[in-house]
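**Q** coordinates only, sequence not included:
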């Protein structure tokens, strides 16, 4: 069955061990060979060295199917186990290639759960210790293959009968031999679109599809054929029809014989005539569901002789025709009286034919914006950036084919770059798009191709589309091919915003479809030319909403719904299982999204998968996420001089995921960074699917509560206590535990999780009592407790948490902390501390007794939030105990410290030389600030409830050399706020909320870099500075609840075209002020 034209060399790889070789394997091997099944039989001579390599490794990789004869001696062999791991890897646990286990006098459960002889073998390997690094992989592979039912050979089933069943099953399951495609195109998403057009799951009717255009039709349709062939009883791919029928008089008859032979029909030496051949095809294949490809057809006679009618083939058949002449398809339509569906390939880019597609749904604003950028003389390169499946290519096609664009750019070319980028092929495809014929260039080197492209484009006004560019470095290879030409443009589509940055283009981030557009797209696919029945519309809209505005998902689910009966019952079943439908193989939505995952570096892959732990649509605090990544060991300090700290590496990782449109920004920090993020529901589904292979994490939703298997990471989303009650054994493998929902009244709810390193209690979860075994969780690196009680009473934090010596992050804002013990100084690994202390919690100054002042420095501590700013704390600052502190949130309590001492407290801050962000919750009657009191590195200052602040304090703030963000929340500035030239030289964000201020003036040269201004309920402020509107950097101004005079003055303001000014009104004044008052009572611990 295997052929030389295929990547595969063997049909079957036969893996076995020991005594089975003598009779059973010999008989099985010859039975397979007699059926012309090319089988590779393992041999001891091939087992050389310590690892699989050479002929043995190649045989596994190049076999279309594997048979594993699992006897009691099989797990005793390191070689057999290595083969098994490789087989399961190549077959993706049986999903990609068939795997047939034969349980030879062993039970299936022995293999799956490693019992009896399999348990003894694993124990023996462990005791020897030589291959301990492979044990987990061996066990995992045994567990996976043990889930497959396979064939049995035991005392009740003679092995001769078993062999007959094996050969029969192999013959049925062996996948059709794929065509060999040299240098695949990498058109995954477009192939899936073409596949969806074929509706291969529909057996009701047969139809023809015509693929036409000037792209690489033959290679594209060969890849498509490989994807769909397994779905049909028989198939035939007739290549180069034009050439074969024109070279001799018997060409068509020979093709008819080939067609019948490839469809499994016996053929006479000579058919006699093409008329008889057509009759034979119709007679023999009329009841078979087949797929037929007629490649490169150029005459109607070829179609009449090879596929002269749709009734020539059985129900559910598909006939695919490729041609350069679209008129040929129209002529054949008239002959057979059946419409031929069409696809067009333009410059190797597949797109639906205009006549079939009609107007693209949505994208009207997007279309206008990108067109405007293409017409703008200041832009040489324009980029469309978006998540996989968001419609980037569709939008680019719409622009590329627009009549006005064609007129504006007389010369146009399109080339797909793809994930598997080869620069030479990109240029060849571009030349084919520009010049149609490229045969003379096929053997040229890269540099020669660049010159040809450049010379062709020189002097022309061109538009070049580079579709699906994955990495920025691609631009370095290609840009020399594009000469400067008056008004010419390059249009790039990419999932990666780094591509846009690298090419110096202005990126347009393609948004998801809104509800109206999503519904329109769904209806267009399900009810073409008609409207959705009124009674089904609510259900339909609910289904569409679950797709999150992603066009790829909407089209996929529309394909599912279109095949269902138009009844509420049928549609309700789709709604209830929508994620199952979208992740099934036939929709291939996951394949498109997985391309993004596959492109990630090995360091980024676990960081992305980790996001699946959170519930759907959960807004994830990015600081929390990075701290979790650190606790999991995803970022390690390199130890090299001047290397970035893990927090910085984590921010870079997150930025890359955002740039690649795999993580969405839900909320930005005032300085432009990411404050909260989330992932699309389908990306979350992908994370969960990926994690099934290696137990990276499991999510407990209640319905799967009894199927969980001691995962490495466990996320509880269930809303009942049943998980804890279902645990019967020690969860020793669980290292990370997340509670997002439910309640637990058990005092010992965590007793089964002694080994956890991460404990996250948040979201809608709570404990009614503090678990008693916190002190036993000695491995904890990350502890977050945000909600702990249903009542208004706040639980006191247990003192034992200060003895957890491995803690790196401690966030106990769900508890009240009134006292910090001296054990604090023993937590040398602490990097981030967040506590809630309504009555003030001071840092301890004594470590080893009442009179001891041993100088312990917390070298790793970077964040300290919620502690009292009192004399003992100021003393520690002056002592240099926190030399690496970067974020600080303090409470200045006027009842504890005399007003005359406040300046001494503030003065101590200058010793925090690494401090970047400071938040002071003041509550004094007045506040004075001097620039010398603060460290020079401060980039962000928040003053909350600061009482009165005089003009000299504001002047001092204006002198801070690195201040970028200033927030004033609740207070009074009795003097005019006058900012002179040079003040706030680097300030980018300025917020005043409920600040009573008389007036504000701004001289030229003050706040020269201001980007964002927020004025929120500032009583007394009647006018904004006139100079403000001259700032070229100002991008956003928000004024909420202004007085009448201020609102009127802003009506006639002329802002520069880059500035967005909005005036709004929030909730009622009384309610709002009460809300702010309540807020000021709480410690906001995000400095």
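**A** Nice, I can see it. Predicted model only: the values in this text are computed from it and were never measured.
**Q** in the stretch 701-850 of the chain, where is pLDDT below threshold?
**A** 702-709, 718-732, 741-750, 763-773, 787-794, 839-840, 846-850 (pLDDT under 70).
**Q** tell me where it has helices.
**A** 722-726 (DSSP state H, counting those that start in this stretch).
**Q** swap in the stretch 51-200 of the chain?
**A** 54-61, 78-90, 108-113, 117-128, 135-145, 159-173, 188-198.
**Q** packing partners for the last one?
**A** Using 3 or more C-beta pairs under 8 Å, 6 or more residues apart in numbering; DSSP states H and E as the contact test, the elements touching helix 188-198 are strand 207-213, helix 217-228, strand 341-346, strand 349-352, helix 551-562, helix 589-598. Bear in mind the C-beta positions are built from the backbone N, C-alpha and C, glycine included.
**Q** where does this protein have its least confident helix or strand?
**A** Scoring the helices and strands of the chain by mean pLDDT, DSSP states H and E places helix 354-357 at the bottom, with a mean of 35.
**Q** elements contacting the helix or strand following it?
**A** On the C-terminal side of helix 354-357, the closest following helix or strand by DSSP states H and E is helix 364-375. The contact analysis (3+ C-beta pairs under 8 Å, 6+ apart) places helix 364-375 against strand 381-385, helix 392-400, helix 403-408, strand 489-494, strand 506-509.
**Q** how about helix 364-375, which residues are buried there?
**A** 366, 369-371, 373-374 (16 or more other C-beta atoms under 10 Å).
**Q** who's in contact with that helix?
**A** Contacts to helix 364-375, defined as C-beta atoms under 8 Å, 6 or more residues apart in numbering, come from residues 379, 382, 384, 395, 398-399, 402, 404-405, 408, 463, 489, 491, 506, 508, 510-511.
**Q** ok, now stretch 1055-1068?
**A** Taking C-beta under 8 Å, 6+ apart as the rule, stretch 1055-1068 contacts 1016-1017, 1029, 1032, 1034-1042, 1047, 1050, 1053, 1072, 1075.
**Q** repeat that for 10 Å
**A** Residues outside stretch 1055-1068 that contact it (C-beta atoms under 10 Å, 6 or more residues apart in numbering): 1011-1013, 1015-1017, 1024, 1028-1042, 1046-1047, 1050-1051, 1053, 1072-1075.
**Q** check which residues of it are buried.
**A** Applying 16+ other C-beta under 10 Å to stretch 1055-1068 flags residue 1059 as buried.
**Q** now that stretch: average pLDDT?
**A** Averaged over stretch 1055-1068, pLDDT sits at 77.
**Q** use 302 as the first number from now on
**A** Renumbered: residue one is now 302, and that last one reads stretch 1356-1369.
**Q** so what's the gap between that stretch and the chain middle?
**A** 34 Å (C-alpha atoms, centre = their mean, to the nearest Å).
**Q** what of stretch 317-336?
**A** That offset, for stretch 317-336, works out to 46 Å (C-alpha atoms, centre = their mean).
**Q** gap between residue 1312 and residue 1331?
**A** Computed as C-beta to C-beta, to the nearest Å, the residue 1312 to residue 1331 distance reads 14 Å.
**Q** what ranges do the helices span in the stretch 752-901 of the chain?
**A** Going by DSSP H, counting those that start in this stretch, the stretch 752-901 of the chain shows helices at 775-779, 798-803, 816-827, 838-846, 852-863, 869-877, 879-884, 890-899.
**Q** residue boundaries of the strands in the stretch 1102-1251 of the chain?
**A** Along the stretch 1102-1251 of the chain, the stretches classed as strands by DSSP state E, counting those that start in this stretch are 1110-1112, 1133-1135, 1164-1169, 1188-1192, 1218-1222, 1227-1228, 1241-1245, 1249-1250.
**Q** which strands and helices sit next to the last one?
**A** Contact here means 3 or more C-beta pairs under 10 Å, 6 or more residues apart in numbering; DSSP states H and E; on that basis strand 1249-1250 packs against strand 1227-1228, strand 1266-1274, strand 1290-1298.
**Q** redo those as TSV? Include mean neighbour count, mean pLDDT and distance to residue 601.
**A** Converted to TSV, the helices and strands packed on strand 1249-1250 look like this (neighbours: other C-beta atoms under 10 Å; pLDDT from 0 to 100; distance: least, C-beta to C-beta, whole Å):
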stretch	mean neighbour count	mean pLDDT	distance to residue 601
strand 1227-1228	18	71	90
strand 1266-1274	21	91	72
strand 1290-1298	20	93	70
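**Q** reformat those as TSV; add distance to residue 1236.
**A** Listed next are these as TSV, based on distance: least, C-beta to C-beta, whole Å:
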stretch	distance to residue 1236
strand 1227-1228	18
strand 1266-1274	15
strand 1290-1298	19
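**Q** of all those strands, which one is nearest residue 715?
**A** strand 1290-1298 (42.5 Å; C-beta to C-beta).
**Q** following the closest one, which helix or strand comes up?
**A** strand 1301-1303.
**Q** quick check: angle from the helix or strand just after that next one to strand 1266-1274?
**A** Heading C-terminal from strand 1301-1303, the first helix or strand you meet, by DSSP H and E, is strand 1313-1317. Here the directions of strand 1313-1317 and strand 1266-1274 differ by 30 degrees (axes from the mean of the first three to the mean of the last three C-alpha atoms, to 10 degrees).
**Q** neighbouring strands for strand 1313-1317, and are they parallel or not?
**A** Looking at strand 1313-1317 with DSSP bridges, its partner strands are strand 1290-1298 (parallel), strand 1337-1341 (parallel).
**Q** distance to residue 1145 for those strands - can I get that in CSV?
**A** Formatted as CSV, the strands paired with strand 1313-1317 follow (distance: least, C-beta to C-beta, whole Å):
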stretch, distance to residue 1145
strand 1290-1298, 35
strand 1337-1341, 42
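**Q** which among the ones you listed is found nearest to residue 867?
**A** strand 1337-1341 (47.8 Å).
**Q** list the buried residues in stretch 565-580.
**A** In stretch 565-580, counting by 16+ other C-beta under 10 Å, buried: 566, 568, 572, 575, 578-579.
**Q** same deal with stretch 636-646?
**A** Those would be 637, 641-646, for stretch 636-646 by 16+ other C-beta under 10 Å.
**Q** and the strands in the stretch 852-1001 of the chain?
**A** Under DSSP E, counting those that start in this stretch, the stretch 852-1001 of the chain gives strands at 921-922, 965-969, 975-979, 999-1001.
**Q** is it true that residue 585 lies in a strand?
**A** No - counting by DSSP: H, G, I helix; E, B strand; the rest coil, residue 585 is not part of a strand but helix.
**Q** so what's it closest to, chain neighbours aside?
**A** Closest residue in space to residue 585, ignoring its immediate chain neighbours: residue 566 at 5.0 Å, by C-beta to C-beta, 6 or more residues apart in numbering.
**Q** then residue 377?
**A** residue 422 (4.8 Å).
**Q** I'd say that neighbour and residue 371 touch.
**A** No - the pair residue 422 / residue 371 is not scored as a contact, 11.6 Å apart, by C-beta atoms under 10 Å.
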